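Novice: following is a predicted model, sequence given first.
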Amino acid sequence: MTLIKWNPTVRPSLFNEIDSWFNGISSDFPSFLNEASEWKPRFEVLNGKDAYRVRADLPGMIKKDVDIQINDDMITIKGERKNEYSDNSNYSEFTYGKFSRSFSLPDDVKQDDIKASMKDGVLALEIPRIEQIETKAKKIAIK
């Protein structure tokens, strides 16, 4: 039996087309019917030494369109991207609608020091971590 190594860059185009179609069906289908849909922007969570960083790709949005709240160790980011050209005769592959995304905050977070900024459609949260106190082990002699 011969094993063939999988190479993701060399795949038959038919499979690429089928994969693309199935991957896009959940987000494209509601907009195809011109119905209101939930927009799912992409998020990135980075675990740094001094802080957690959360970034969201929110093209076309400004900071007044975004709401950030902390409730019971959960941070929730909400917003809505509206279509200013809502004429149904237009063709668009853009996705519009409301979104809401929640993340659990770890125990080592300084909730009062969280900072948010937005530039060029990218929301950035810096969530500082509490400094970990290193405990030194003390050896106890047995008598």
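Specialist: Thanks, I have the structure now. What you see is a predicted model, and the numbers here were worked out from it, not measured in a lab.
Novice: count of neighbours near Gly60?
Specialist: Using other Cβ atoms under 10 Å, Gly60 has 12 neighbouring residues. For the C-beta atoms, the positions are set from N, CA and C on the backbone; glycine is no exception.
Novice: ok, it touching Arg81?
Specialist: Yes: at 5.9 Å, Gly60 counts as touching Arg81 under the criterion of Cβ atoms under 8 Å.
Novice: quick one, strands of this structure?
Specialist: For the chain, applying DSSP state E gives strands covering 43-47, 51-57, 66-71, 74-81, 97-104, 115-119, 122-128.
Novice: want to throw the ones you listed into TSV with distance to Ile140 and mean neighbour count?
Specialist: As requested, those are exported to TSV (distance: least, Cβ to Cβ, whole Å; neighbours: other Cβ atoms under 10 Å):
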stretch	distance to Ile140	mean neighbour count
strand 43-47	35	11
strand 51-57	37	17
strand 66-71	43	12
strand 74-81	42	17
strand 97-104	38	14
strand 115-119	44	12
strand 122-128	36	18
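Novice: can you put those strands in JSON lines and add distance to Lys138 and mean pLDDT?
Specialist: What follows is these, written out as JSON lines (distance: least, Cβ to Cβ, whole Å; pLDDT from 0 to 100):
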{"stretch": "strand 43-47", "distance to Lys138": "31", "mean pLDDT": "93"}
{"stretch": "strand 51-57", "distance to Lys138": "31", "mean pLDDT": "95"}
{"stretch": "strand 66-71", "distance to Lys138": "38", "mean pLDDT": "95"}
{"stretch": "strand 74-81", "distance to Lys138": "38", "mean pLDDT": "93"}
{"stretch": "strand 97-104", "distance to Lys138": "35", "mean pLDDT": "92"}
{"stretch": "strand 115-119", "distance to Lys138": "39", "mean pLDDT": "96"}
{"stretch": "strand 122-128", "distance to Lys138": "30", "mean pLDDT": "96"}
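Novice: right, and the ones you listed - which one's nearest Ser89?
Specialist: Proximity to Ser89 (Cβ to Cβ) singles out strand 97-104 among those, at 19.5 Å.
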